[in-house]
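**Student:** What follows is a predicted structure for the sequence shown.
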Amino acid sequence: MHFAHAITRTPGDDFAAGITSAQRGEPHLGKLLAQHASYEAMLRALGLQVRTLPPLPGFADAYFVEDAAVVLPETAVLTRPGAHSRRGEPMHLEKVLARERELVRIEAPGTLDGGDVLVVGREAFIGESERTNHSGATQLQGIFERHGYACTLLEAGAGLHLKSSVSQAAENTLLITAELARHRAFARYRRIELAARDAYAANALYVNGRLVIPAGYPQVAERLAAAGLEPLELDVSEPRKMDGGLTCLSLRF
């Protein structure tokens, strides 16, 4: 899938009040803003037009825009985030996305975070997790199937979201943790299995034929190079302190 556009949101002054279980030290707004700017520059270098939305006061996690919507060529789905503190985020994307796509919504009692949704070509995987319940997953499955996608529901795994444990690395290749590597849903893909110490790198960003991985994982970079891939590396240490990763920071379409 070729991407031409991305939506991001600048982190707000209250970002440190966001939800996290990472325990990786005190977050730093200045460093986060610098890393966020580098992330946007990387998207532009990969050929995307980036629209940056302003901070959203009162929603400390709103710069993780991927969780609030799922954007397909055919439609855009406004989610219903699993964390109560994030329930208002999708409505603040409504006007922006309505210019690009027809909108549909996940309805109560369903909950859905975009981080639990992996789309590879015309195949979609939806992880059921603490943030995405069965009702939300089946609602989204119906939307995918109406538009001709094959769709599989599965348990998300140990990470916060499905894409904490598996992401696309190339056209028919996945970066994946050991926990999910043997799952039958992924059997037809080439799988690059990550050691437990490198699990964070499973959340990688595949954009227009290039793969971006978090900086600080030399063995992952070496394995990808041996597989014929040449990953770009980006420092996302500050989003990681808030349980975020590369895919979380943008909506690509």
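**Tutor:** Here it is on my side, so go on. Numbers count the residues shown, from 1 in each chain.
**Student:** Please make it C-alpha for all contacts and neighbour counts, starting now.
**Tutor:** OK.
**Student:** so which strand or helix has residue 229?
**Tutor:** Taking DSSP states H and E as the definition, one finds residue 229 inside no helix or strand.
**Student:** Residue 245 too?
**Tutor:** Assigned by DSSP H and E, residue 245 belongs to neither a helix nor a strand.
**Student:** Please verify my assumption that it contacts residue 203.
**Tutor:** Yes. In terms of Cα atoms under 8 Å, residue 245 counts as a neighbour of residue 203; the distance is 6.3 Å.
**Student:** Common neighbours of those two, please.
**Tutor:** Contact criterion Cα atoms under 8 Å, 6 or more residues apart in numbering; residues bridging residue 245 and residue 203 by contacting each: residue 164.
**Student:** Please state the backbone phi and psi of the residue nearest to residue 90 when sequence neighbours are not counted?
**Tutor:** In space, residue 90 comes closest to residue 68 once its chain neighbours are excluded; the distance is 4.9 Å by Cα to Cα, 6 or more residues apart in numbering. For residue 68, the backbone dihedrals (degrees, to the nearest 10) come out as phi -90, psi -10.
**Student:** quick one: residue 68 and residue 236, what's the gap?
**Tutor:** Per Cα to Cα, to the nearest Å, residue 68 is found 20 Å from residue 236.
**Student:** Counting neighbours, go ahead and name the busier of the two.
**Tutor:** The residue with more neighbours, out of residue 68 and residue 236, is residue 68; 29 against 23, by other Cα atoms under 10 Å.
**Student:** who's in contact with that one?
**Tutor:** Shown here is residue 68, whose contacts under the criterion Cα under 8 Å, 6+ apart are 78, 79, 80, 81, 89, 90, 93, 113, 114.
**Student:** Narrow these to those in strands?
**Tutor:** With strands identified by DSSP state E, the entries of the contacts of residue 68 that belong to them are residue 78.
**Student:** Just the buried residues of the contacts of residue 68.
**Tutor:** By neighbour count, with 16 or more other Cα atoms under 10 Å, the contacts of residue 68 hold 78, 79, 80, 81, 89, 90, 93, 113, 114 as buried.
**Student:** residue boundaries of the helices in the stretch 1-150 of the chain?
**Tutor:** Assigned helices in the stretch 1-150 of the chain, in chain order: 29-45, 94-98, 134-146 (criterion: DSSP state H, counting those that start in this stretch).
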